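A.B. asks: Sequence first, then the predicted structure, then my questions.
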Amino acid sequence: VQLQASGGGLVQPGGSLRLSCTASGFTLDHYAIAWIRQAPGKEREWVSCISSSDGSTYYADSVKGRLTISRDNAKNTVYLLMNSLKSEDTAVYYCAASFRRCGGNYNYWGQGTQVTVSS
């Protein structure tokens, strides 16, 4: 049972990336998926979440309008499309699953994928 985050990389300011969070050993249908990031020397920061029931989405103010979370249950994957990236978006991005609703305790964590925004 595991979550795997992927899609990170080095991108210039203003660029885009799409992160993926894929589950193996269980199905994501009944889980809300959150993205949480941690920049060097800083606390973990919740970024976004998509619920399992109706696909409601939630965003931190710092990323609203630039990031879009979506899910494809047929592929057992949740995506985070990141546009207009800024240097302050540089962090390791983790995905985490909580049963049914956003804001619950996380049952599973992915290993993280590095996003670096730099010219």
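C.D. replies: The structure has been received and is ready for your questions. Residues are numbered from 1 along each chain as shown.

A.B. asks: alpha carbons only for contacts and neighbour counts from here, please
C.D. replies: OK.

A.B. asks: how far away is the residue nearest to Val1 when sequence neighbours are not counted from Gln114?
C.D. replies: Of all residues not flanking Val1 in the chain, Gly25 sits nearest, at 4.3 Å (C-alpha to C-alpha, 6 or more residues apart in numbering). Gly25 is 24 Å from Gln114, where distance means C-alpha to C-alpha, to the nearest Å.

A.B. asks: Between those two, tell me which one has more neighbours.
C.D. replies: Taking neighbours as other C-alpha atoms under 10 Å, Gly25 and Gln114 compare with Gln114 leading, 20 against 8.

A.B. asks: now the strands: where do they sit in this structure?
C.D. replies: Here the chain has its strands, by DSSP state E, at 2-6, 9-11, 17-24, 31-38, 44-50, 57-59, 67-72, 77-82, 91-99, 106-109, 113-117.

A.B. asks: Give me the contacts around the last one.
C.D. replies: Contacting residues not belonging to strand 113-117 are listed as 5-13, 85-94 [C-alpha atoms under 8 Å, 6 or more residues apart in numbering].

A.B. asks: give me that answer again for 10 Å
C.D. replies: Outside strand 113-117, the residues that touch it by C-alpha atoms under 10 Å, 6 or more residues apart in numbering are 4-17, 19-21, 37-39, 85-95.

A.B. asks: Buried ones in that strand, by neighbour count?
C.D. replies: Buried residues in strand 113-117, counted by 16 or more other C-alpha atoms under 10 Å: 113-117.
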